Each structure stands twice: as structure tokens, then as C-alpha cells.
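**Q** Return a 3D structure for these sequence lines:
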Amino acid sequence: MAPTRLERMPRTRRARAVVWTIIVALLSPLWATGRASAMSCSVGASTGAYGSVNVLSGAAASATASFTVTCTGGGANQSVLFCLNIGPGTTAVGPSGERVLRSTSTYINHEFYYDSAHTQLWGSWGVGSSSAYPSGSPAGIQQIVTLNSSGSGTFAYTVYASILASQQSTAPGSFTWNGNEPTVQYTPGSSGPCPTGGSTSGSGSSFTATISSGCNVSTTLLNFGSSPSAITSNIDSTATITAQCTDSTPYSIGLGNGANANGSQRRMQLGTTGNYINYNLYTNSGYSDAWSATTSTTSCTSGAGTCDLGTGTGSNQNYTVYGRVPPQTAPSSGTYNDTVVVTVTF
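**A** Residues are numbered from 1 along each chain as shown. So this is what the prediction gives:
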């Protein structure tokens, strides 16, 4: 029995020696990783301004901002994997986390891009996306950077922002996007997915815009057609004024007396001759309320019915001009015309 026990003891020692060697081999990479983990990175704020934006055109508006990521404590000339994220922000709306600029009572959609052509979303959430951050693709921008010989570096980035097109119904006001972005996840190396550790929050960012009040106006031709030389009865015709004003903006539409008026009497002229045809413009189909100029946004300064009043919706709103040529002395033959200024006061 005793010799048998002596023979087994050396085997046990040899087995322990092998196990010890394996443990030492595994400890080496853990020690190296511990050194690299001393690296830290910080992110600066990204602040931009769209300025005054005219939404009635339906066009997109653009702005840019910049931020930096600064890393220290890394290895000399070390490669670092960045995953740079800009989330929906604290002003986001909806289940998909739409990025918006908010005012007190409304908002306007906007997005962030990595490229100046506005083709690469900085995150896939937002208008037109079926996925919310961060499950959308891409969840951020990946980039490999290289630290300097001192194991540090500062890296600059530009954020390209855009208020999306076709938002004419947005009411005027001051709008702001706020967020704790951008953020960066980082890890030593030059490959692999975005790391889950080493995440650094930004110091708070914002974008601002002012949606200004405004109106657009267009008209059709008021054409009385042809008439015999003797005008013995009324000749009536209509034209259309189209006003497009920002949402909730009150406005009035006034008409001047024309280029050839005699006092308050509007007249059409035959070329540069002294021949005229009198005509009148009305706001109603009964031809009783003469249209005049006005300077108030909410009332007709020449009396009720002497202008048209409206409130903007961001869409086109049409108004009819009722024109009448009354009976008068037969004029010389030819084409008569006049130019009347349409004024929208808002």
C-alpha cells in the first residue's frame, strides 16, 4: 500500500505544474488590457443655428455645427475605434423618436447627417424611419483614429443639419433642439462592432431656428373680353387672388386704384393715348362693396367689405375679385389695360 501512494504523488505535482503554466499564459493579455483601459475620451458640445427660415417655399433649410473628441492616456500611435452617436435628443416626439425643433406649442422636423450632401443619416431614427434609435441602422458613425506618440489626440467632426422640406404648415415662432449628444463609445483597436463600454456623454448640444411670419401672393388676369364700340350695359368678369401665409398669421388683402386712376375711379388706358375706359373692382358678387387699399392685418381700414381678410394655414387660399365695366361713352377701338397693385398686409 505505501509504495502505491509514493508513485501517485509525483504525478499530482506534475499536473499542478502544468496548470500553473497555463494560468500564467492567460494572465499576460489581461495585464495588457488593463494598461489600455487607462485611456479616456471626452466629447464637446455641438451647437448650431438655422437662423430665420421661410417655410412657405417648401424647401429644406441647412445648418452646420462642429464638435471634438479628445482622448488621453492611450498607447503611443495606438488605433482607437470610435462609434459616434447623435440621439433623437430631449425634444424628440413619437414612438420612432423623431428629431424635432420645438417651440412652445408645436415642432418642426429636422435631421442630422455625417456628410455635406445630406445622404448619410447620423443615426437611422427620425422622419421616414421604421426603427427607433438605437435599433435602426446605422446607430452611429464608426471611425478609426490614431493617437499621437504621446497616446493622446483631438479629433474634429462636422454635423450637417437640415430642416426637412415640405413643412409649410408650421406656425411662426422660435424653435430649439436640445440633447445630451453627441456621445462616443471607444475601444483600442481597428476593427469590430461598436463597443459597449467606454461610453462618454456629451456636454449638451442645441440647434435653433426662427420660423418667420410671411405671405406669398399671386393673381390671374382680369379679362373683360371684347365689346362693341358702344358700352350700353355692364360688362362683368372675375379674377383670382391666391394668398399663402404662414399658419395662424392674420392678414388682409387690399387693391390699389391702378396706374391710370382719376381720383378713386379706376381706368384702363388705350396704349399711351388719352383714351380711357372706367371700371370698378368689388369684394362681393353683388358688386356693392368696392375694393380698396388697406393697411391693417385684421380689419379693412376703408370700412367693412372694402378688403378681404384671412388667417394663414401655410396652404394656398383663394379670393375672387369681381370686376365691372359700367355703361359709358363709346371709346376708341383698341386694347385697354391697367395694372393694379395687390397688397397683403400681415
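**Q** Can you give the domain ranges for this protein?
**A** The chain breaks down by automatic domain parsing into domains covering 39-211, 215-345.
**Q** rank the ones you listed by pLDDT, which is bottom?
**A** Mean pLDDT values for the domains of the chain show the minimum at domain 39-211, a mean of 86.
**Q** roughly how far is that domain from the heart of the chain?
**A** 15 Å (CA atoms, centre = their mean, to the nearest Å).
**Q** Now the terminal residues of it, how far apart.
**A** 44 Å (CA to CA, to the nearest Å).
**Q** residue boundaries of the helices in the stretch 1-150 of the chain?
**A** 2-36 (DSSP state H, counting those that start in this stretch).
**Q** Tell me where it has strands.
**A** Ranges of strands in the stretch 1-150 of the chain, per DSSP state E, counting those that start in this stretch, are 40-43, 47-53, 61-72, 79-85, 100-102, 107-113, 141-146.
**Q** Restrict the last one to CA atoms and write it as PDB.
**A** As requested, C-alpha coordinates have been extracted for strand 141-146 and formatted as PDB (Å, rounded to 0.1, in the frame of the first residue of the first chain):
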ATOM      1  CA  ILE A 141     -20.800  56.600 -37.300                       C
ATOM      2  CA  GLN A 142     -17.800  54.300 -37.000                       C
ATOM      3  CA  GLN A 143     -14.300  55.700 -37.400                       C
ATOM      4  CA  ILE A 144     -10.800  54.500 -36.700                       C
ATOM      5  CA  VAL A 145      -8.500  57.200 -35.300                       C
ATOM      6  CA  THR A 146      -4.800  57.100 -34.400                       C
END
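**Q** Could you list every helix and strand in contact with whichever helix or strand comes after it?
**A** Using DSSP states H and E, the next helix or strand after strand 141-146 towards the C-terminus is strand 153-163. On a contact count with 3 or more CB pairs under 8 Å, 6 or more residues apart in numbering; DSSP states H and E, strand 153-163 meets strand 47-53, strand 61-72, strand 107-113, strand 141-146. Placement of C-beta: from N, CA and C, glycine included.
**Q** neighbouring contacts of the longest one?
**A** By CB atoms under 8 Å, 6 or more residues apart in numbering, the residues outside strand 61-72 that reach it are 39-51, 53, 80, 82, 84, 118, 145, 147, 151-163, 182, 184, 186, 202, 205, 207, 209.
**Q** Mind giving me the PyMOL command for buried ones among the residues you listed?
**A** The buried residues among these can be selected in PyMOL (16 or more other CB atoms under 10 Å) with this line:
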select buried, resi 39+41+43+44+45+46+48+50+53+80+82+84+145+147+151+152+153+155+157+159+160+161+162+163+182+184+186+202+205+207+209
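**Q** re the thing from before, let me have the strands of the stretch 1-150 of the chain in CSV, adding distance to S264 as columns.
**A** Below are the strands of the stretch 1-150 of the chain laid out as CSV (distance: least, CB to CB, whole Å):
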stretch, distance to S264
strand 40-43, 68
strand 47-53, 38
strand 61-72, 44
strand 79-85, 66
strand 100-102, 48
strand 107-113, 44
strand 141-146, 66
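**Q** who touches S103 in this structure?
**A** 171, 173-176, 211.
**Q** Can you tell me how far it is from W177?
**A** To W177, S103 is 11 Å away according to CB to CB, to the nearest Å.
**Q** so what sits against both of those two?
**A** With CB under 8 Å, 6+ apart, S103 and W177 have no common neighbours.
**Q** nearest to S288, of the contacts of S103?
**A** Closest approach between the contacts of S103 and S288, by CB to CB: A171, at 35.4 Å.
**Q** Is there a neighbour count for that closest one? I'd like the number.
**A** Using other CB atoms under 10 Å, A171 has 18 other residues around it.
**Q** Give me the distance between the residue nearest to S203 when sequence neighbours are not counted and G179.
**A** In space, not counting the residues next to it along the chain, S203 is nearest to A45; the distance is 4.7 Å by CB to CB, 6 or more residues apart in numbering. A45 sits at a distance of 10 Å from G179 (criterion: CB to CB).
**Q** Provide a list of residues in contact with N337.
**A** Contacts of N337 by CB under 8 Å, 6+ apart are 268-269.
**Q** For it, list each beta-bridge partner.
**A** Q269 (DSSP bridges).
**Q** returning to that earlier point: mind picking the two most distant members of the contacts of S103?
**A** A171 and T176 (15.0 Å).
**Q** residues near the residue lying closest to C83 once chain neighbours are set aside, how many?
**A** Spatially, and ignoring its direct neighbours in sequence, C83 is nearest to C194 (3.4 Å; CB to CB, 6+ apart). Residues near C194, counting by other CB under 10 Å, number 20.
**Q** that's a helix at C194, yeah?
**A** No: read with DSSP: H, G, I helix; E, B strand; the rest coil, C194 is coil and lies in no helix.
**Q** Distance of it relative to T242?
**A** 51 Å.
**Q** ok, now N148?
**A** 62 Å.
**Q** repeat for C71
**A** Taking CB to CB, one finds C71 at 58 Å from T242.
**Q** my guess is Y276 contacts N260, does it?
**A** Yes: the pair Y276 / N260 is scored as a contact, 6.4 Å apart, by CB atoms under 8 Å.
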